[in-house]
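Asks: A structural model of the following input is requested.
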Amino acid sequence: MDQPKVERMLRLMMLLAGNVNYTVNELADKLDTSYRSIYRYIDTFKEAGFVVHKSGEYYHIAKESRFFKDISQLVHFTDEEAYMVNRLIEGIDDTNTIKQNLRRKLASIYSCTSIADVTVKSGNASNVNALAEAIDGKKTVMLKNYSSSHTGKVSDRLVEPFKFTTNYISVWCFDPSDRQNKQFKIERIGSVEVLDETWENESSHSSGLLDIFRMSGREDEQIILRLSLRAKNLLVEEYPLAEKDLVQEDQNHWILDTRICSPLGAARFVAGLAEEIQIIKGGKLRRYLHNYAKTLAGI
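Replies: Okay, here's the model as predicted:
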């Protein structure tokens, strides 16, 4: 077998093991080959013991396949991890051929400028793969030992999962017990049991948004903050995706212009650096901080 063919097969395997489903034509375009070759490679994978599922026009390697766990853990980044990797690559001198090789190889696998738009921490891979299977098959799941920060309890949750957040930090689910759509943090799920029962409430499924502070909601609000250099550095260290919404004002100040789904996440950050941050715009954020300050003061 020639080297280019081996390389294409390995790249195809990683694409099929990821959490994005592709059509044969999309796979052929990404690998710069014919759709007939893609079919041949898929047949080869099947002969080697991999289970390749087809859902409509989309293909993916099933989690019960041999070596699937090893592959899935190798190809996953969080969105923030991917962003940081991309930043590190950008820091390499443009004349360095390694930089171009890294970007080319990563781009051949991932379809996002941040390297991985659909990736997860390796420790969460099994739960994400089970949820992806349930979403694909429109199945109900039991989230085992889910640790809720809202209720402060650990319990099992029977839900209908239907959409991941863009960085796979959370999954949107419909909760039949109170007929509400909720977001569940992947890292707080003990394990996922995919049930035989199919969705019964698909028409009620509706997802929300996720901001740079990892808060979700149905609506978003623009906020503009003027940050000291120290506040800017701490913001980027804690919330790396905020960097794309930052503009330098002068040597010691930066402007953050972003949209938030809830004032809670931004308020936590601003409250900790109150003397380093000026709120230029953000009515809900101001009101939240005002009430928070009154609560702390016992007013």
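Asks: Would you list the strands that the strand or helix carrying residue 143 pairs with, along with their directions?
Replies: Per DSSP states H and E, residue 143 falls inside strand 139-147. Partners of strand 139-147 in the sheet, by DSSP bridges, are strand 154-164 (antiparallel), strand 191-198 (antiparallel).
Asks: Residue 220 against residue 263, yeah?
Replies: No - in this structure, residue 220 is not within contact of residue 263 by CB atoms under 8 Å, at 10.9 Å. Yep, even glycine has a C-beta here, placed from its N, CA and C like the rest.
Asks: And those two? Which one has more around it.
Replies: Legend: neighbour count by other CB atoms under 10 Å for residue 220 and residue 263, higher for residue 263 (24 against 16).
Asks: roughly how far apart are the closest residue to the more buried one other than its chain neighbours and residue 55?
Replies: Once flanking residues are discounted, residue 263 sits nearest to residue 288: 3.9 Å by CB to CB, 6 or more residues apart in numbering. With distances taken as CB to CB, to the nearest Å, residue 288 is found 43 Å from residue 55.
Asks: As a check, name the ranges of all strands in the stretch 101-250 of the chain.
Replies: Per DSSP state E, counting those that start in this stretch, the stretch 101-250 of the chain carries strands over the ranges 139-147, 154-164, 170-175, 180-185, 191-198, 209-210, 216-217, 221-228, 246-250.
Asks: so what secondary structure elements neighbour the last one?
Replies: It refers to strand 246-250. Using 3 or more CB pairs under 8 Å, 6 or more residues apart in numbering; DSSP states H and E, the elements in contact with strand 246-250 are helix 229-238, strand 253-260.
Asks: Would you give the sheet partners of it, along with the direction of each?
Replies: Strand 246-250 has these strand partners (DSSP bridges): strand 253-260 (antiparallel).
Asks: neighbours of the residue nearest to residue 130 when sequence neighbours are not counted, just the number please.
Replies: Closest residue to residue 130 apart from its sequence neighbours, by CB to CB, 6+ apart: residue 192 at 3.9 Å. Residues lying near residue 192 (other CB under 10 Å) number 22.
Asks: Residue 192 against residue 135, yeah?
Replies: No - the pair residue 192 and residue 135 fails to qualify as a contact (CB under 8 Å) at a distance of 11.2 Å.
Asks: Buried residues, stretch 198-212. List them.
Replies: Under the neighbour-count criterion of 16 or more other CB atoms under 10 Å, stretch 198-212 has 199, 207-212 buried.
Asks: Stretch 51-61 now?
Replies: Neighbour-count burial for stretch 51-61 [16+ other CB under 10 Å]: 53, 59-61.
Asks: One more: stretch 6-24?
Replies: For stretch 6-24, by 16+ other CB under 10 Å, it's 8-9, 11-22, 24.
Asks: And stretch 286-299, by the same measure?
Replies: Of all the residues in stretch 286-299, those buried under the rule 16+ other CB under 10 Å are 288-289, 292.
Asks: Now residue 34: closest residue in space that isn't a chain neighbour?
Replies: residue 28 (5.9 Å).
Asks: isn't the one you found right next to residue 39, touching?
Replies: No - counting by CB under 8 Å, residue 28 stays clear of residue 39, with 9.5 Å between them.
Asks: Compare those two (neighbour count), which wins?
Replies: Set side by side, residue 28 and residue 39 show more neighbours around residue 28, with 18 against 14, by other CB under 10 Å.
Asks: can you tell me how far residue 88 sits from residue 212?
Replies: Taking CB to CB, one finds residue 88 at 20 Å from residue 212.
Asks: Please apply the same query to residue 5.
Replies: 42 Å.
Asks: Out of the buried residues of stretch 6-24, which sit inside strands?
Replies: residue 22 (DSSP state E).
Asks: Pick the one among the buried residues of stretch 6-24 closest to residue 277.
Replies: Proximity of the buried residues of stretch 6-24 to residue 277 (CB to CB) peaks at residue 19, which lies at 36.0 Å.
Asks: if we can go back for a sec, tell me the most buried of the strands paired with strand 139-147?
Replies: Of all the strands paired with strand 139-147, strand 154-164 carries the top mean neighbour count, a mean of 18, counting by mean count of other CB atoms under 10 Å.
Asks: for that one, the distance to its chain's centre please.
Replies: A distance of 17 Å separates the centroid of the chain from that of strand 154-164, by CA atoms, centre = their mean, to the nearest Å.
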